[in-house]
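*Asks:* just coords:
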C-alpha cells in the first residue's frame, strides 16, 4: 500500500534514521527525515501533510515526547510511533 502523504523518520543517529526511512520506503511509503525533534517541529509548523510520524524518544534538545506533545497541542491527530533503544 502506498501512502499518499509522507511518513517522518526522526532519529538522533543518522544510521538508525536512514535504516527506518529505508524500511518504510521499501514498503512503498514516501519518507521525510529530520535530524531531531526541533527540525521535525519546524517542518510540521511550516505545513505539508504527513500520514504518520516515527520518532525516537531519546534525542538532545527536543525529545520525542515533547515533539509528540507539540503535535497533539496543535490539534493534529496524526499517528505517532515512538521508538527507543534501551
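*Replies:* Cool, the structure landed. What you see is a predicted model; the values in this text were computed from it and never measured.
*Asks:* can we go C-alpha only for contacts and neighbour counts from here?
*Replies:* Noted.
*Asks:* if I pick residue 84, what's in contact with it?
*Replies:* Residues near residue 84 by Cα atoms under 8 Å, 6 or more residues apart in numbering: 56, 57, 58.
*Asks:* Let me have those in TSV, adding neighbour count and pLDDT as columns.
*Replies:* As requested, these are exported to TSV (neighbours: other Cα atoms under 10 Å; pLDDT from 0 to 100):
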residue	neighbour count	pLDDT
56	24	86
57	22	87
58	19	84
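*Asks:* of those residues, closest to residue 15?
*Replies:* Nearest to residue 15, judged by Cα to Cα, of these is residue 56 at 12.6 Å.
*Asks:* what about the longest helix anywhere in the chain, average pLDDT?
*Replies:* Longest helix of the chain, by residue count under DSSP state H: helix 14-26. Here helix 14-26 scores 84 as its mean pLDDT.
*Asks:* Buried residues of that helix, list them for me.
*Replies:* Residues of helix 14-26 classed as buried: 17, 20, 21, 22, 24, 25 (neighbour count, 16 or more other Cα atoms under 10 Å).
*Asks:* pLDDT (mean, whole number) over whichever helix or strand comes after that helix?
*Replies:* The element immediately downstream of helix 14-26 (helix or strand, assigned by DSSP states H and E) is strand 31-34. Confidence for strand 31-34, expressed as mean pLDDT, is 86.
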